[in-house]
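Enquirer: Provided below are the primary sequence and the corresponding predicted coordinates.
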Amino acid sequence: MSALAKRRLARFGHTDVASYQRFAGLEPDGVLGPITDRSILAPRCGCSDVLAIRDRSGQCAWKRSDFPVAYWVDSRLPRAIRESVAPAFALWESVAAVSFRQVRNRTEARWLITPARIDRAGGILADQELPCGQETREAIRMRLDTHETWTLSAGDRGRILALNVIAHEIGHGLGIAHISPAKGRALMNPTYDPRLALPQELDIAEAVERYGTAAKPPAGGRPPALLEFAARLQWSEGTGWTLTDSFVQS
């Protein structure tokens, strides 16, 4: 086993190769073959696969009185990230009874979105603190790796789609742990998937368990922020969802 693969297994909460293989939906033979090695070393979220997600109240989640949760976006982040934050939050607002608002003053925020030097390009893309016991904390933080080259368009080969990563990390910020790939395809699978930016059935179930179903949308369809975002999405079988134009929250 390579030193990097060994460090990753430990970092993400796996005691051995077979435990990782069971989590990842691979044959649990305990052998670090090429398929398992590629899976362990693939670009992914930096949060552990084995998270203690229960706080003293019994569940890791924001209180109803916390909404809309105020978030702050560091201006030093690349444009692709800054313009992906609002639609990523809107995706979760469309499936669960949660709401968010952006603030200009960092001190007003309970959710910080910031740059960080995490590891290397193509390694750990981002990480996110969970809101367990959030009442005792000043704010939770999402960190996005400055070593990556971020993009808004799936057509930019070799670059990381900011929307996909941010939407995943928001799931953690709502208290949702990684969903095992063995259970099915989900936005909250730990490994980056350029074709997957929208919460899937397993993700939605986790969010609804914590917060309830999304409020009834306004007459005529979905919330305006999500409609504006959706109008700028295009799908292709080869590249998945592509954001064709910038999205700026009004």
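Expert: Looks like it came in fine.
Enquirer: Which parts of the chain are strands?
Expert: Secondary structure of the chain (DSSP state E): strands at 44-45, 69-73, 100-102, 111-116, 124-128, 140-145, 150-151, 160-161, 233-236, 240-243.
Enquirer: Output the contacting helices and strands for the fifth one.
Expert: Helices and strands in packing contact with strand 124-128 are listed as strand 44-45, strand 140-145, helix 162-173; criterion 3 or more Cβ pairs under 8 Å, 6 or more residues apart in numbering; DSSP states H and E. Yep, even glycine has a C-beta here, placed from its N, CA and C like the rest.
Enquirer: Could you check how many residues crowd around the closest residue to residue 147 other than its chain neighbours?
Expert: Distances taken as Cβ to Cβ, 6 or more residues apart in numbering put residue 121 closest to residue 147, at 4.5 Å, once the chain neighbours are dropped. Neighbour count for residue 121, taken as other Cβ atoms under 10 Å: 13.
Enquirer: sorry, back to before: ranking the helices and strands packed on strand 124-128 by burial, who's on top?
Expert: With neighbours defined as mean count of other Cβ atoms under 10 Å, these peak in mean count at helix 162-173, which reaches a mean of 26.
Enquirer: Mean confidence (pLDDT) on that one, please.
Expert: Averaged across helix 162-173, pLDDT comes to 97.
Enquirer: try stretch 131-150
Expert: Stretch 131-150 shows a mean pLDDT of 85.
Enquirer: can you give me the end-to-end distance of that stretch?
Expert: Stretch 131-150 has an end-to-end distance of 26 Å (criterion: Cα to Cα, to the nearest Å).
Enquirer: How far off centre is that stretch?
Expert: Between the centre of stretch 131-150 and the centre of its chain there are 11 Å (Cα atoms, centre = their mean, to the nearest Å).
Enquirer: going forward can the numbers begin at 26, since that is how I track them
Expert: Taking 26 as the first residue, the last one we looked at is stretch 156-175.
Enquirer: which residue is nearest the centroid of the protein?
Expert: Geometric centre of the chain, nearest residue: residue 193, 1.4 Å, by Cα atoms, centre = their mean.
Enquirer: Touching, that one and residue 213? I think so.
Expert: Yes - Residue 193 lies in contact with residue 213 (Cβ atoms under 8 Å); the separation is 6.4 Å.
Enquirer: Mutual contacts of those two, please.
Expert: The contact sets of residue 193 and residue 213 do not overlap (Cβ atoms under 8 Å, 6 or more residues apart in numbering).
Enquirer: got a list of what the residue nearest to residue 172 touches?
Expert: For residue 146, the contacting residues are 170, 172, 173, 174, by Cβ under 8 Å, 6+ apart.
Enquirer: Output those residues in CSV, with distance to residue 184 appended to each entry.
Expert: Below are these laid out as CSV (distance: Cβ to Cβ, whole Å):
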residue, distance to residue 184
170, 13
172, 12
173, 8
174, 5
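Enquirer: now for the top helix by length along the chain, which elements pack on it?
Expert: Criterion DSSP state H: the longest helix present in the chain is helix 104-118. Contact partners of helix 104-118 among helices and strands, from 3+ Cβ pairs under 8 Å, 6+ apart: strand 94-98, strand 125-127, strand 175-176, helix 187-198, helix 249-255.
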